[in-house]
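> Show me how the following folds:
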Amino acid sequence: MKTEAITVDEYLTMIPEDRAQVIARVRSMIQKYFPDIEETMEYGMPTYKPFCAIASQQKYLTFYIFDGRKIEKYRDSFVNASSIGRSCIRYTHPEELPLNVLEEIFEELKS
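Next up, the predicted model:
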């Protein structure tokens, strides 16, 4: 679900509430671990260079990790994922995105 949102705040008002809540939580985690990170809207989704992006798509909430090796390392931790690609994890039910796993990844990326 590509939007014409200019800011992440605007984006969050344009997507379904259940997805907006999860994306807002991920956003807060990113800002906690990387307070100086650049937050932009690219390809119609919130992007956090150089680490990740997250999007509300037609059927999924998709989390992109720009370092695909992290996907492989944590693949077994993404239980209930609808699908896992080379650099993304897709969830049909946004609330199932394992925030604790993302926190581990952010911690690792931080160091």
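
> For the rest of this, base every contact and every neighbour count on C-alpha atoms.
OK.

> in a strand, that's where Thr62 is, yeah?
Yes: when DSSP: H, G, I helix; E, B strand; the rest coil is applied, Thr62 is found to be in a strand.

> And for it, the neighbour number?
24 (other CA atoms under 10 Å).

> Now it: closest residue in space, sequence neighbours ignored.
Leaving out its chain neighbours, the residue that sits closest to Thr62 by CA to CA, 6 or more residues apart in numbering is Arg90, at 4.4 Å.

> Repeat that for Tyr74.
Nearest one to Tyr74, counting by CA to CA, 6+ apart, is Val101 at 7.7 Å.

> so what's the residue nearest to Thr62 bridging to?
For Arg90, the beta-bridge partners are Thr62, Ser83 (DSSP bridges).

> what residues are up against it?
Applying CA atoms under 8 Å, 6 or more residues apart in numbering to Arg90 gives the contacts Tyr60, Leu61, Thr62, Phe63, Ala81, Ser82, Ser83, Ile84.

> ok now the helix or strand where the residue nearest to Tyr74 lies, how far from the chain's centre?
Taking DSSP states H and E as the definition, one finds Val101 inside helix 99-110. Averaging C-alpha positions (CA atoms, centre = their mean, to the nearest Å) puts helix 99-110 12 Å from its chain's average.

> try stretch 72-86
Stretch 72-86 has its C-alpha centroid displaced from the chain centroid by 13 Å (CA atoms, centre = their mean).
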